[in-house]
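# curious how this folds, go ahead:
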Amino acid sequence: MDNGCLCCSIRGDLVGTLSDLLPRRNDFQAILLETTGVADPAPIIFTLNMDPLIRENFRIDSVVCLVDAKHVRQHLDEVKPAGAVNEAQQQLAFADKVLLNKTDLVEPRALKAVKKRIREINRFAEVIETQQSKVDVRRILGQDAFDIEKSLEIDPHLLEEELPEEHEHSHEHGSDEHGGHDHAHSHDHKVRL
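Down below sits the predicted model:
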């Protein structure tokens with residue numbers, strides 16, 4: 001996928017890439033979307049839930065956040081400009097699973113403090129302690145852990161498209177073909193994301 005404006009690249013490239021995969025969807029059971037570094041998961045969740053073609057063929061299985069136990073506090077404590085999102089906090093808040101990595105590199109007291117901080121941000125996510133990011137894939141894939149209602153509790157405006165003022169272009173999306181009713185339940189024919 002291309003780089004660029006997150007809202008545009010996510011809405012454009014992600015939808016395009018997933019649409020291109022539709023004819024081959026019987027060739028795979030799941031697609032893993034990885035955001036590099038610290039990224040706000042809200043635009044991805046928005047896109048996967050609001051695009052009619054994507055919503056009908058794919059579903060979010062779980063949001064997994066990889067946390068560096070040794071360095072996470074500096075990211076969580078980073079002061080952002082007014083109106084800016086602390087992406088590290090957003091990742092933790094939206095996570096269904098937290099992979100707490102590098103636990104072998106921190107003292108037990110520091111690890112306990114990091115886990116407490118994670119729980120202050122997200123008390124529901126399963127925290128899985130890891131070293132060198134080793135985890136049984138069955139603990140993070142095929143979990144059916146994502147719940148749009150939980151995400152809406154975190155961000156009640158998540159499914160409302162609001163572009164920052166500096167955007168000088170517009171986005172058009174198809175109308176809701178389900179008459180506005182909640183369509184967050186899963187279907188067996190959907191590919192897990």
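# dump the stretch of helix or strand Gln74 belongs to to CSV, keeping only the CA atoms.
In the assignment (DSSP states H and E), Gln74 maps to helix 72-76. Taking C-alpha atoms only, helix 72-76 is exported to CSV below (Å, rounded to 0.1, in the frame of the first residue of the first chain):
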residue,chain,number,x,y,z
VAL,A,72,6.1,2.3,26.4
ARG,A,73,5.9,4.9,29.2
GLN,A,74,7.7,7.5,27.2
HIS,A,75,5.2,7.1,24.4
LEU,A,76,2.2,7.1,26.8
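# roughly how far is it from the heart of the chain?
Mean-position distance between helix 72-76 and its chain equals 18 Å (Cα atoms, centre = their mean, to the nearest Å).
# same check on stretch 85-102?
Stretch 85-102 has its C-alpha centroid displaced from the chain centroid by 9 Å (Cα atoms, centre = their mean).
# before we move on, the earlier item: other SSEs contacting the helix holding Gln74?
helix 87-94, helix 108-121 (3 or more Cβ pairs under 8 Å, 6 or more residues apart in numbering; DSSP states H and E). Quick note: C-beta positions are derived from backbone N, CA and C, even for glycine.
# how about those in a markdown table, adding mean neighbour count and mean pLDDT?
Below are the helices and strands packed on helix 72-76 laid out as a markdown table (neighbours: other Cβ atoms under 10 Å; pLDDT from 0 to 100):
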| stretch | mean neighbour count | mean pLDDT |
| --- | --- | --- |
| helix 87-94 | 22 | 91 |
| helix 108-121 | 14 | 97 |
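# save those as TSV, and put in distance to Arg138 too.
As requested, these are exported to TSV (distance: least, Cβ to Cβ, whole Å):
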stretch	distance to Arg138
helix 87-94	22
helix 108-121	22
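# out of the ones you listed, nearest to Leu152?
Of all the helices and strands packed on helix 72-76, it is helix 87-94 that lies closest to Leu152, at 10.9 Å by Cβ to Cβ.
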